[in-house]
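Peer 1: Sequence below, structure please.
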Amino acid sequence: MGTGNTRRRLTLAACALSGSLLVSAGVSAASAASATSAPAASVMSASAASAPQETTLRVKMSGSGVDTLNPFLAFFNGALDIFGSIYPALNSLDAKGRPGPYLAESWTPSQDRLTWTFKLRDGLKWSDGTPITAEDAAWTFNLIMTDTVAGTANGSLVGNFASVTATDPTTLVIKTKAPQANVTYVSIPISGIPIVPKHIWEPRAKNLKDAKNDTFPVVGYGPWTLTEYKPEQYAKFDANKDFVLGRPGFDHMIQQSFKSTDAAVAALRSGQLDYINGVNPTQFKALRADKSLLTAREVGNGWTGVEVNHNARTRTGKKIGTGHPALGDPVLRHAISLATDRKTLVAKVLDGMGGVGSGYLPPAWPQWKWQPAAGEETPFDLARAGEILDDAGYTKGADGVRVDPKSGRPLELRLGIHSDDTADAGISTYLKGWLETIGVKLKIQTLSMSALNSDLAKGDWDLLMDGWTTGPDPTYLLGIQTCATLPKDDGTGGNTDAFFCDKAYDELFGKQLTTFDQDERAKVVAEMQDILYRADVDQIHFYADTLDVARTDTVTGLITGQPDAQGMYPAQTAFWSYLKATPPSAEAATVPAGEDGGGGPLWIGGGVLLLALAGGGIALKRRSGAGDRE
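Peer 2: Residues are numbered from 1 along each chain as shown. Coordinates of the predicted model:
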């Protein structure tokens with residue numbers, strides 16, 4: 001939710017296409033000490049003291065934080081960014097957004113598109129010296145395919161896989177049940193499935209739900225090695241100087257956690273940070289005038305909205321949680337949507353830096369853009385909201401609060417918001433006033449990210465603020481609305497967004513996954529978005545622009561791509577940005593000769609990538625954090 005994959009995830013999650021765009025923006029200075037869990041200076045000075053001749057990139061951790069270092073369970077943006085740095089994937093993305101080499105040097109589909117053969121590089125080694133082979137990839141995929149717990153975070157990405165085998169140390173064969181349009185995007189940095197070392201994880205698979213993965217340095221392979229992690233404080237990395245896609249431009253990296261973006265901005269201004277991904281509009285406008293900072297404004301690749309607990313249940317249909325029973329009534333849900341002025345939220349909460357919400361997929365990816373047909377969109381209409389509630393028998397009591405005619409309970413609803421999110425706070429104030437106008441009373445519950453996610457999984461909520469980010473391929477984000485993501489009766493295996501489950505939607509999900517023609521696939525995805533829009537279970541408020549900022553005296557190379565005519569950058573990726581970032585005095589890290597995995601800008605303009613995907617794309621699955629959304 002909020003704050004992945006946004007509660008979490010979203011978002012976010014994906015080659016985190018929203019995690020690394022460099023933006024320079026202004027923010028009111030606030031005391032860093034009051035907002036950081038651990039003093040940034042102490043963490044960074046320790047690294048500098050031990051190796052004063054070496055360089056360290058210091059960035060703000062995703063606002064979502066890290067839910068777990070277990071890559072089979074995690075969906076918070078902060079965790080996915082870490083996995084993208086320390087675990088390999090089959091593919092990367094090349095300069096034009098097409099599938100690029102990483103572990104795999106090449107890949108070939110069969111004529112019927114049911115079998116994909118990946119040729120993996122020979123000679124790569126995990127950080128403990130063990131050779132990386134196709135068996136590591138096959139074992140990773142098979143565990144996700146066969147173990148419910150292992151499939152918690154990424155199960156929807158392999159739901160169409162029939163088998164995955166390693167025919168020799170450098171050959172991986174994936175067979176699908178039906179032709180699948182996005183096979184080469186299933187395993188990419190951050191947003192896709194990370195490949196883990198079998199020899200490390202096979203013993204842990206026996207009790208996977210309790211595997212912490214907190215033995216440092218973590219055995220992996222990527223541009224970075226995770227050497228230390230302190231929950232809600234920081235993560236420290238060493239560069240992999242032999243990384244196959246090019247040596248990172250810095251020797252070390254520290255991702256620092258902050259309790260507020262004000263504190264992060266103060267740290268940036270004081271020189272304790274080099275880069276922040278995601279500031280709020282007020283901060284952005286203030287920082288934009290600072291000539292020592294580089295600012296950038298990305299097209300929104302995620303949404304922010306409210307989830308409605310209409311029917312929390314398990315896969316077997318067992319009801320769970322404490323949601324208000326009246327929310328199962330589509331009339332009440334539609335009344336809530338009618339009573340939400342999305343234009344005002346964009347103007348007042350985002351200061352105009354975003355777009356009004358409607359479709360489930362964000363504007364960064366215009367090939368999936370959907371809006372309700374003329375005359376079928378939900379307007380802001382308090383009078384109409386009141387009328388449909390009257391007609392449905394929701395009469396007002398003496399205190400002005402309506403009563404559910406079926407349960408006899410007053411319409412007093414809990415709205416969970418993130419404690420570290422100024423956008424949530426602003427939205428909730430408006431919602432409270434609008435809903436009370438139509439006779440629905442809101443109780444605002446300010447909760448931590450972990451508390452919100454705990455409540456969501458158990459169904460112990462009525463309304464929750466949430467947000468998700470996604471990349472060009474919508475499979476993951478669409479997948480969290482399928483019946484398969486409902487939890488099992490024992491509480492495991494669930495990665496649902498709002499307990500949505502609809503047979504027609506599930507059928508369309510399978511159809512879009514196997515449709516290779518871009519235009520035809522877009523039509524199927526449009527039908528899915530229409531179903532979600534009419535259900536009023538995920539009510540999309542807006543698509544916030546991503547606003548980022550970096551110091552120009554300590555880092556360069558973070559921004560990839562060029563702004564469009566309106567000055568808006570395409571969405572960015574933390575994987576390439578952190579890899580390509582260098583001190584201003586250093587030469588940019590180069591990609592080995594013959595590789596096209598990141599030597600040039602990841603994005604060319606705002607729309608070239610989107611046109612080139614032709615049915616494939618990145619499955620950014622992150623639940624975005626407060627900082628990511630603002």
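Peer 1: Now Thr117: closest residue in space, sequence neighbours ignored.
Peer 2: Excluding the flanking residues, the one nearest Thr117 by Cβ to Cβ, 6 or more residues apart in numbering is Thr108, at 5.0 Å. In short, each C-beta sits where N, CA and C put it, glycine included.
Peer 1: how deep is the one you found tucked in, by neighbour count?
Peer 2: Per other Cβ atoms under 10 Å, the neighbour tally for Thr108 reads 9.
Peer 1: did I read that right, it in a helix?
Peer 2: No: read with DSSP: H, G, I helix; E, B strand; the rest coil, Thr108 is strand and lies in no helix.
Peer 1: I'd like to know how far it sits from Ile132.
Peer 2: From Thr108 across to Ile132, the span is 21 Å (Cβ to Cβ, to the nearest Å).
Peer 1: One more: Glu54?
Peer 2: Distance from Glu54 to Ile132, counting by Cβ to Cβ: 27 Å.
Peer 1: Compare these two and say which is more crowded by neighbours.
Peer 2: Ile132 (23 against 13).
Peer 1: Could you pull up the residues touching the residue nearest to that one when sequence neighbours are not counted?
Peer 2: With sequence-adjacent residues excluded and distances taken as Cβ to Cβ, 6+ apart, Ile132 is closest to Leu124, at 4.4 Å. When contacts are counted by Cβ atoms under 8 Å, 6 or more residues apart in numbering, Leu124 touches 88, 103, 131-132, 221, 244.
Peer 1: Looking at those residues, spot the one nearest Val356.
Peer 2: Pro88 (39.5 Å; Cβ to Cβ).
Peer 1: and the closest one, how many residues sit next to it?
Peer 2: Pro88: 29 neighbours (other Cβ under 10 Å).
Peer 1: Repeat that for the one 10 residues further on.
Peer 2: Counted with other Cβ under 10 Å, the neighbours of Arg98 add up to 15.
Peer 1: Read off the pLDDT value for the residue nearest to Ile132.
Peer 2: Looking at Leu124, its pLDDT stands at 98.
Peer 1: Distance check, it against Pro197.
Peer 2: Noted for Leu124: a distance of 11 Å to Pro197, by Cβ to Cβ.
Peer 1: Would you mind listing the residues touching both of the two?
Peer 2: 132, 221.
Peer 1: Would you enumerate the residues in contact with the closest residue to Thr496 other than its chain neighbours?
Peer 2: Nearest residue to Thr496, sequence neighbours excluded (Cβ to Cβ, 6+ apart): Thr485, at 4.4 Å. Thr485 sits next to 155-156, 479, 494-497 when contact means Cβ under 8 Å, 6+ apart.
Peer 1: ditto for Leu332
Peer 2: If you count contacts by Cβ under 8 Å, 6+ apart, Leu332 has them with 326, 389, 392, 394, 411, 440.
Peer 1: where are the low-confidence patches of this structure?
Peer 2: Within the chain, the stretches with pLDDT under 70 are 1-52, 94-97, 586-630.
Peer 1: Would you mind finding the longest helix in it?
Peer 2: Under DSSP state H, the helix in the chain containing the largest number of residues is helix 518-535.
Peer 1: Give me the contacts around that one.
Peer 2: For helix 518-535, contacts defined as Cβ under 8 Å, 6+ apart pick out 181, 310, 330, 333, 358-361, 367-368, 370, 372, 378, 474, 478, 481, 500, 502, 504-505, 508-509, 511-512, 515, 538, 613-615.
Peer 1: could you redo the last one with a cut-off of 7 Å?
Peer 2: For helix 518-535, the surrounding residues in contact (Cβ atoms under 7 Å, 6 or more residues apart in numbering) are 181, 358-361, 367-368, 370, 372, 474, 478, 481, 500, 502, 504-505, 508-509, 511-512, 515, 538, 614-615.
Peer 1: Whichever of those residues end up buried, select them in ChimeraX.
Peer 2: Buried residues among the contacts of helix 518-535 (16 or more other Cβ atoms under 10 Å), as a ChimeraX selection:
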select :181,358,359,360,361,367,368,370,474,478,481,500,502,505,508,509,511,512,515,538,615
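Peer 1: Take the contacts of Leu124 and lay them out in TSV including distance to Tyr578 and secondary structure.
Peer 2: TSV is the format used below for the contacts of Leu124 (distance: Cβ to Cβ, whole Å; DSSP: H, G, I helix; E, B strand; the rest coil):
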residue	distance to Tyr578	secondary structure
Pro88	15	coil
Leu103	19	coil
Pro131	26	strand
Ile132	21	coil
Tyr221	16	coil
Val244	16	coil
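Peer 1: Most widely separated two among the residues you listed?
Peer 2: Greatest spacing in the contacts of Leu124, by Cβ to Cβ: Pro131 and Val244 (13.7 Å).
Peer 1: between the two, which one's more packed in?
Peer 2: Val244 (22 against 13).
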